[in-house]
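Novice: Can you look at this prediction? I've put the sequence above it.
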Amino acid sequence: REALPGVRSSPHTLDVATPFVHQLRLLVSKAELRGLVHELRPTIPRLAKLSKKTIPFLEQSRALASCFDTVIIPWSNDSVSGGTGYPHPAVGPVYKETGYGLVGVSGESRSGDANGQFIRVQAAGGTNTVQLPATSTSPPQVGVLQQQLLGQMPTIESSAKPPFKPNQPCENQEPPDLNAGPPGLPPSQASASPEPAPSPDPVPGDVTPHSIEQQLLDLMSSNFDSGGDGSQGGGQ
């Protein structure tokens, strides 16, 4: 008796389910899913191998993103600090000043001709001689400047690179420290007062405005004297 209600409703259920079963048989036919699976059968193993080989790449991508998030982006948002009293403070964070520098560098290659690009360099000198001490990579250097050097910023001691640890992930390393520290003393330098250049000795035979003027005066004086003598002689 308990199954009678279900038996009575079975014809209506079968009438509704018959079209669904028919469409399901068409879906799994050779022209539908069976054909699609047959065409994908060579590709599925390759996709599985690709997914397996992608895992190390995704690990490196995660490490790269973490490096940018913890090291590179904080460094690019930082600014160079010259300490108290430094007359040339930074005008912006690193990522802005880097762009300013690239604009200046681009000006060196804007001139060119058929032979290629060229750079114009203007050499200059001065009365201030500067001597830089020898380092582990370069011998002593000497140069001349128009102005005296006020100091070092940053100093050689504070210009050491941050520790480079290639065997450790970038995300675990500290960002570079852009604090320049206190200014250092200037290198040894000496200033010389420019002496006026001596006037060149006159060369015999040179004609100057003064000599021309003197010759004219002498000529007029001699003519005047000779004219005066002639008038006196005619009167006598």
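Specialist: Structure received.

Novice: how close does Ala31 get to Val7?
Specialist: Distance, Ala31 to Val7, using CB to CB, to the nearest Å: 37 Å. Heads up, the C-betas are built off the backbone N, CA and C, glycines and all.

Novice: same thing with Leu58?
Specialist: For Leu58 relative to Val7 (CB to CB), the value is 57 Å.

Novice: can you check Thr70 too?
Specialist: From Thr70 to Val7 the distance is 70 Å (CB to CB).

Novice: Same question for Lys161.
Specialist: Lys161 is 87 Å from Val7, by CB to CB.

Novice: Thr70 and Val7 - which one has more neighbours?
Specialist: Comparing Thr70 with Val7 by other CB atoms under 10 Å, the one with more neighbours is Thr70, at 17 against 8.

Novice: what sits against the closest residue to the more buried one other than its chain neighbours?
Specialist: Distances taken as CB to CB, 6 or more residues apart in numbering place Glu171 nearest to Thr70, at 5.0 Å, with adjacent residues excluded. When contacts are counted by CB atoms under 8 Å, 6 or more residues apart in numbering, Glu171 touches 63, 66-67, 69-71.

Novice: could you redo the last one with a cut-off of 7 Å?
Specialist: 63, 66-67, 70-71 (CB atoms under 7 Å, 6 or more residues apart in numbering).

Novice: And Val94, by the same measure?
Specialist: Counted by CB under 7 Å, 6+ apart, Val94 has contacts 75-76, 78-79.

Novice: Is it possible to mark the buried ones in these?
Specialist: The neighbour-count test (16 or more other CB atoms under 10 Å) marks 75, 78 as buried among these.

Novice: can you redo the contacts of Val94 as a markdown table with distance to Tyr95?
Specialist: Shown next, in a markdown table, are the contacts of Val94 (distance: CB to CB, whole Å):
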| residue | distance to Tyr95 |
| --- | --- |
| Trp75 | 9 |
| Ser76 | 4 |
| Asp78 | 9 |
| Ser79 | 10 |
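
Novice: Any regions of this protein where pLDDT drops low?
Specialist: 1, 83, 85, 122, 159-160, 192-217, 219-220, 222-236 (pLDDT under 70).
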